[in-house]
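>>> Below: sequence and its predicted model.
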2 protein chains.
Amino acid sequence: MATDRDTVLEAAVGVLSRRPTAHLDEIARAAGISRATLHRLFPGREALIREVGLLGLRRFAGALDTAGVEEGDAEAALRRLVDASVPDAMLCAFLAGENQLYENDEINDLWELQIARLHALFLRGQQQGVFRIELSAAWLSEAFFDLVAGVGWSIQDGRLAPRDAAFSLTELFLGGALRRPDAAAHESTTHSTSDRSTSDCRPDTDKP
Amino acid sequence: MATDRDTVLEAAVGVLSRRPTAHLDEIARAAGISRATLHRLFPGREALIREVGLLGLRRFAGALDTAGVEEGDAEAALRRLVDASVPDAMLCAFLAGENQLYENDEINDLWELQIARLHALFLRGQQQGVFRIELSAAWLSEAFFDLVAGVGWSIQDGRLAPRDAAFSLTELFLGGALRRPDAAAHESTTHSTSDRSTSDCRPDTDKP
DNA sequence: CAATTCTGAGACATACATGTCTCACATGAA
DNA sequence: TTCATGTGAGACATGTATGTCTCAGAATTG
């Protein structure tokens, strides 16, 4: 029985990120409380959704804080940000999917504040010569947040191991998908370059 | 007046991707038809959502087809896929956000089929030595689709110029965010390496 | 133990989106 | 013109999630 608000909100995210239109009964059951108590904690569905969004924003803001994104080398700051935000990736996924949230002024303002911090980080990195300048800082911000959300969805669906999350996110975002022969070859380069067809390797992917 | 189904569905995406719980009145108005006609074309909200999802999957499958992702060099194939899928990025964004869709078996099967094709592309690229093998093909598939969706959201919100979309997606996904001094320096490298604080550069970002 | 507070279960009313139907009008064909 | 088809507007019924209330029992506190 999780009677404290944040615990209930986290349970709510688990349901709402999968089924945004889930009934309050379902959310209450997921949190291990009754619908009455849920309604006592959060008066109405709208309030509940709003609080979930605010929790997500608080967590993301906290990640920006603990990572100290406004200080030091931009690349190092981004790596710290990844480590700090991956634990709350599911909440970020909720923020990314629930566009409805941004009709609320309080949430919208808080959101723009955090995105501005992200934007400033990338801008600073570009001025430091760390990040590419052919890609706009706005796009880098958007893409980064989308990938954090993607990590959240993947972990939730069991498609990505939580232990691999930070590494996968950091490496893909910073280094891209292309293999770079000139880069440090820290693994045995014994892959066949043959172009044999691989139609027999069928993964068991789920949904997005 | 768009009486043909696909045009109505595209109008529906424009509304539903922003507000997944939009009323049918709103969708009908966006399509320029009456609620009665909307109901004649698609009997019920559930049918409408399903058809939108199927349209998105058809378009994405078509992009995989026209790109010929199962043939030739994996990197070139991915670049072709970007060009082919960016025009339908908004539909992909809908597919990424509407988890509800995947309770339908028909849609789920079609989805897994396309994701398997993506997965096979990355696996082939890894075997060719084109894509990094430290990142799982499953994660590459997920990240790529999330970024396509991100392009769709960004364009819709006016945060990314449609002309820049394909380039931004390709470059970030393939090359990553880090600037590489050893790579081709096709722009004047006259950025100051000074670590001056840049808290005065405030972007005007919107929502995710 | 006694008292207060909180919770769960359920009943009940309400609001609202949706499904269904009718009818008048416009468009297009014969 | 006349008929046929399709559309828009609106009224109406319905289902269902939600808001509200009550009451009994559990948990906590004194």
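Structure received. Residues are numbered from 1 along each chain as shown, chains lettered A, B, ... in the order given.

>>> Report the secondary structure state of the nearest residue to A:Leu121 once chain neighbours are set aside.
In space, and not counting its chain neighbours, A:Leu121 is closest to A:Val69: 4.7 Å by CB to CB, 6 or more residues apart in numbering or on different chains. All C-beta spots, glycine's among them, are computed from the backbone N, C-alpha and C. When classified by DSSP: H, G, I helix; E, B strand; the rest coil, A:Val69 comes out as coil.

>>> What about A:Val69, how many residues nearby?
The tally of other residues near A:Val69 (other CB atoms under 10 Å in any protein chain shown) stands at 21.

>>> which parts of chain A sit against DNA strand D?
Residues of chain A lying near DNA strand D by CB under 7 Å from any atom of the strand: A:His23, A:Leu24, A:Asp25, A:Arg35, A:Ala36, A:His39, A:Pro43, A:Gly44, A:Arg45, A:Glu46.

>>> quick one: contacts for the residue nearest to A:Leu121?
Contacts of A:Val69 were listed using CB atoms under 8 Å, 6 or more residues apart in numbering or on different chains, and they are A:Ala77, A:Leu78, A:Arg80, A:Leu81, A:Arg117, A:Leu118, A:Ala120, A:Leu121.

>>> Which one of those is nearest to chain B?
Within those, proximity to chain B (CB to the nearest CB) peaks at A:Ala120, which comes in at 6.2 Å.

>>> Please tell me I have it right and that closest one contacts A:Ala74.
No: contact criterion CB atoms under 8 Å: A:Ala120 and A:Ala74 do not qualify, at 10.0 Å.

>>> Give me the below-cutoff pLDDT ranges for chain A.
Within chain A, the segments meeting pLDDT under 70 span A:1-3, A:182-208.

>>> try it again with 50
Applying pLDDT under 50 to chain A flags the ranges A:1-3, A:184-208.

>>> can you tell me the residue of it closest to DNA strand D?
When scored by CB to the nearest atom of the strand, chain A has A:Gly44 as its residue closest to DNA strand D, at 2.8 Å.

>>> neighbours around the closest residue to A:Gly175 other than its chain neighbours, how many?
If the residues on either side of it in the chain are set aside, A:Gly175 comes closest to B:Gly176, at 4.2 Å by CB to CB, 6+ apart. Each residue near B:Gly176 was counted by other CB under 10 Å, and the total is 23.

>>> what phi and what psi does the backbone show at B:Gly176?
Main-chain torsions, B:Gly176, degrees, to the nearest 10: phi 80, psi 180.

>>> What distance do you get for it to A:Glu75?
Separation of B:Gly176 from A:Glu75 (CB to CB, to the nearest Å): 11 Å.

>>> what residues do the two have in common as contacts?
The contact sets of B:Gly176 and A:Glu75 overlap at A:Leu174 (CB under 8 Å, 6+ apart).

>>> quick revisit: so which of the residues of chain A next to DNA strand D sit within helices?
Here DSSP state H is the test, and the residues of chain A next to DNA strand D give A:Leu24, A:Asp25, A:Arg35, A:Ala36, A:His39, A:Arg45, A:Glu46 as lying in helices.

>>> ok, now which ones touch the fifth one?
The reference is to A:His39. By CB under 8 Å, 6+ apart, A:His39 lies in contact with A:Leu24.

>>> Same question for the helix or strand containing A:Cys92: list its buried residues.
Counting by DSSP states H and E, the element that carries A:Cys92 is helix A:89-97. Neighbour-count burial for helix A:89-97, counted by 16 or more other CB atoms under 10 Å in any protein chain shown, picks out A:Ala89, A:Met90, A:Leu91, A:Cys92, A:Ala93, A:Phe94, A:Leu95, A:Ala96, A:Gly97.

>>> which one is the third one nearest to, not counting chain neighbours?
Right, the one you point to is A:Leu91. Leaving aside its sequence neighbours, A:Leu91 sits nearest to A:Gly56 (CB to CB, 6+ apart; 3.7 Å).

>>> Kindly report the same for A:Ala137.
A:Phe122 (4.0 Å).

>>> quick one on the thing from earlier: check the ones in helices among the residues of chain A next to DNA strand D against DNA strand C, which are close?
Taking CB under 7 Å from any atom of the strand as the test, DNA strand C is in contact with A:Arg35, A:Ala36 out of those.

>>> Write the PyMOL selection for whichever of the ones in helices among the residues of chain A next to DNA strand D are buried.
To isolate the buried ones among those in PyMOL, judged by 16+ other CB under 10 Å, type:
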select buried, chain A and resi 39
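
>>> Nearest to chain B: which residue in chain A?
Closest approach between chain A and chain B, counting by CB to the nearest CB: A:Gly176, at 3.1 Å.

>>> what's that residue in contact with, if anything?
By CB under 8 Å, 6+ apart, the residues touching A:Gly176 are B:Leu172, B:Phe173, B:Leu174, B:Gly175, B:Gly176, B:Ala177.

>>> Now do the helices in chain A.
Taking DSSP H as the test, the helices found in chain A are A:5-16, A:24-31, A:35-41, A:45-67, A:74-85, A:89-97, A:105-127, A:137-156, A:162-170.

>>> Send over the fourth one as CSV, restricted to the C-alpha atoms.
Right, the one you point to is helix A:45-67. C-alpha atoms of helix A:45-67 as CSV (Å, rounded to 0.1, in the frame of the first residue of the first chain):
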residue,chain,number,x,y,z
ARG,A,45,-8.1,12.5,-13.5
GLU,A,46,-6.8,15.9,-14.7
ALA,A,47,-5.1,16.6,-11.5
LEU,A,48,-3.5,13.2,-11.5
ILE,A,49,-2.1,13.5,-15.0
ARG,A,50,-0.8,17.0,-14.1
GLU,A,51,1.0,15.7,-11.0
VAL,A,52,2.6,12.9,-13.0
GLY,A,53,3.8,15.4,-15.5
LEU,A,54,5.1,17.7,-12.7
LEU,A,55,6.9,14.7,-11.1
GLY,A,56,8.6,14.0,-14.4
LEU,A,57,9.7,17.5,-14.8
ARG,A,58,11.0,17.7,-11.3
ARG,A,59,13.0,14.6,-11.9
PHE,A,60,14.4,15.8,-15.1
ALA,A,61,15.2,19.1,-13.6
GLY,A,62,16.9,17.3,-10.8
ALA,A,63,18.9,15.3,-13.3
LEU,A,64,20.1,18.5,-14.9
ASP,A,65,21.0,19.8,-11.5
THR,A,66,23.0,16.8,-10.3
ALA,A,67,24.7,16.6,-13.6
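
>>> Identify the residues contacting it?
Residues outside helix A:45-67 that contact it (CB under 8 Å, 6+ apart) are A:5-6, A:9-10, A:12-13, A:16, A:24, A:27, A:38, A:42, A:77, A:80-81, A:83-85, A:88, A:91-92, A:94-95, A:98, A:100-101, A:104, A:106-107, A:110-111, A:113-114, A:117-118.

>>> With that, I have no additional questions.
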